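# Got a sequence here, can you build the structure:
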Amino acid sequence: MGQALLKPEELAFYAAAFERTGFTGGINWYRNFTRNWESMKDVREQIDVPALMVMAENDVVLRPAMADGMEALVPDLEKHLIKNCGHWTQAEQPDELNQVMTSWLKRRFG
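Next up, the predicted model:
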């Protein structure tokens, strides 16, 4: 059996929060998807600021290949792939993620 994604105390924390609040916020984003899509129809699809995209090698939700061609929409884009990591980079590889982010911020913004 593989390593658990969350420690028992972390799972208890998230379960308690879910029991208290449910998932209304997350569900509402999907409920409003069509209206959001319609309200954004005339918005230019380009990001003109420096951007960092951190991808996870084993992410089955947002596969790294899905970022192919992203540079057309984000001209000043730097991509970084975290190896041996799934969807939850901040929980699975926190040290590497922090290193990637701080390194990029220092290089780009001093």
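
# contacts for the lengthiest helix in the chain?
Scanning the chain for the longest helix, with DSSP state H as the assignment, gives helix 94-109. The contact list for helix 94-109 (Cβ atoms under 8 Å, 6 or more residues apart in numbering) reads Pro50, Leu52, Val54, Glu78, His80, Ile82, Cys85, Thr89, Gln90. (C-beta placed from N, C-alpha, C; glycine too.)

# Would you check which pair of these lies furthest apart?
For the contacts of helix 94-109, the maximum inter-member distance is 23.2 Å, found between Pro50 and Cys85 (Cβ to Cβ).

# who's more crowded, these two?
Residue environment comparison for Pro50 versus Cys85 gives the larger neighbour count to Cys85, 19 against 15, counting by other Cβ atoms under 10 Å.

# Tell me where this structure has strands.
All strands of the chain, identified by DSSP state E, fall at 51-56, 77-82.

# If you count contacts, what does the first one end up packed against?
What that stands for is strand 51-56. Using 3 or more Cβ pairs under 8 Å, 6 or more residues apart in numbering; DSSP states H and E as the contact criterion, the elements in contact with strand 51-56 are strand 77-82, helix 89-92, helix 94-109.

# low pLDDT regions in the chain?
Residues of the chain meeting the criterion pLDDT under 70: 1-3.

# hang on, the earlier thing: so for Ala17, which of the strands of the chain sits nearest?
Proximity to Ala17, assessed across the strands of the chain by Cβ to Cβ, is greatest for strand 51-56 (23.6 Å).

# Please spell out which residues along that closest one are buried.
Of the residues in strand 51-56, those buried by neighbour count under the rule 16 or more other Cβ atoms under 10 Å are Ala51, Leu52, Val54, Met55, Ala56.

# What pairs with that strand, parallel or antiparallel?
Strands flanking strand 51-56 in the sheet, each with its direction: strand 77-82 (parallel) (DSSP bridges).
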